[in-house]
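**Q** Predicted coordinates and the sequence they were generated for:
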Amino acid sequence: MSFRVLEDACIGCGACDYSCHTNALTKTDSFLGLFVIDPYTCDDCEKCVPLCPEGAIVPDPQWPVCQGRGCPLTSNRLAEVDCAIWQQVCDVCGTTLWRSHDHDSGWSCPKCGWGMKVLCPKTRHLGDSVRARGTIGGLEKA
């Protein structure tokens, strides 16, 4: 995720929520009904950013950008690889699955299935408690 919602600026209007095709924006349980962005379902499309009337959606430099800054799939070597963008994850290590255009084998873990040393940089943000619960970003592990 390259974006976060500033709590002190969000007015809870929901303009951003309707633009999100991955349902990464959710309303909190707080009295104010502020929104938060789930970093594992956000695909960094930026459609929500200009819709916020308060400018409360801002870049978050701690997270890599899907298919952009920090993503290994932007390299020429991995140009023929698609990412499940955290809709499907590895049962063993918890990282998102990838699919190669060269092979018709379906989704596979780049680390556990393909034996690669490179994987989604968002994986480093996963904690052991998240892996143990069996969910990532609110999604069930595949």
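**A** Ah, there it is.

**Q** What ranges does this protein have for its helices?
**A** 128-133 (DSSP state H).

**Q** Break it down into its structural domains.
**A** For the chain, the structural domains run 1-63, 76-140, going by automatic domain parsing.

**Q** who's in contact with Cys13?
**A** By CB atoms under 8 Å, 6 or more residues apart in numbering, the residues touching Cys13 are Pro53. Every C-beta, even on glycine, is put in place using the N, C-alpha and C of the backbone.

**Q** about what we covered before: select from the domains of the chain the stretch with the lowest mean pLDDT.
**A** Lowest mean pLDDT within the domains of the chain: domain 76-140, a mean of 77.

**Q** Now do that one: distance to the chain's middle.
**A** Between the centre of domain 76-140 and the centre of its chain there are 11 Å (CA atoms, centre = their mean, to the nearest Å).

**Q** Just the buried residues of stretch 66-85, please?
**A** The neighbour-count check on stretch 66-85 (16 or more other CB atoms under 10 Å) flags 66, 71-73, 78, 81, 83-85 as buried.

**Q** Give the residue farthest from the middle of the protein.
**A** The outermost residue of the chain, judged against the average C-alpha position, is Phe31 (26.4 Å), by CA atoms, centre = their mean.
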